[in-house]
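Enquirer: structure for this input, please:
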Amino acid sequence: MPSFVLSSGLASPAESAVYLADKLRFHTDAADLALDLLAQEPQIVALDTRKPAAYATGHIPGAISFPHVTMTVESTAALDRDKVYVCYCDGIGCNGSTWGAFKMASLGFQVKELLGGLDFWVRDGHPLSTGPEPGQLTSIIQCQC
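Expert: Residues are numbered from 1 along each chain as shown. Take a look at the predicted model:
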């Protein structure tokens, strides 16, 4: 019986390294974002790309509410172009973070997309802030990987 894993072929180690390096440049995970937010890394800004009502219900502490549907040249004019904006939404079933990262990148900003969004943030055991204010991350769960 042929292998299901091998049936689609294999990338060379060099091809895999290029692909995976690109993947890491485009995405981050909850553990890495939590460490940067806890350290108050000045270059990192978390953007919640959902509607304000969803943000108020629960968001990553320190994240700014910036729905992707409102991202324009005018609405981003005051943002610091030296920052890296980590876009997130509900999770893998929502493409709000992809739209947000796409729009921000198209407007000339450095971006990353948070893998798994708010769903994976919560699954990892990290706290949420509620209400209209960003709040601040004061503790995290250490990654087990």
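Enquirer: this structure: strands as residue ranges?
Expert: 27-28, 44-48, 64-65, 84-88, 110-114 (DSSP state E).
Enquirer: what helices or strands is the second one leaning on?
Expert: Going back to what we said before, that points to strand 44-48. Secondary-structure packing of strand 44-48 (3 or more C-beta pairs under 8 Å, 6 or more residues apart in numbering; DSSP states H and E): helix 30-38, strand 64-65, strand 84-88. In this view, the C-beta of every residue, glycine as well, is placed from N, C-alpha and C.
Enquirer: run the chain-centre distance for that strand.
Expert: Relative to its chain's centre, strand 44-48 lies at 7 Å (C-alpha atoms, centre = their mean, to the nearest Å).
Enquirer: got it, and the third one?
Expert: Between the mean C-alpha location of strand 64-65 and the chain-wide mean there is a distance of 12 Å, by C-alpha atoms, centre = their mean.
Enquirer: so what's the residue most central in space within the chain up against?
Expert: For the chain, the residue nearest the mean C-alpha position is residue 114 (2.2 Å; C-alpha atoms, centre = their mean). Contacts for residue 114 (C-beta atoms under 8 Å, 6 or more residues apart in numbering) come out as 27, 28, 29, 30, 33, 46, 86, 87, 88, 97, 120, 121.
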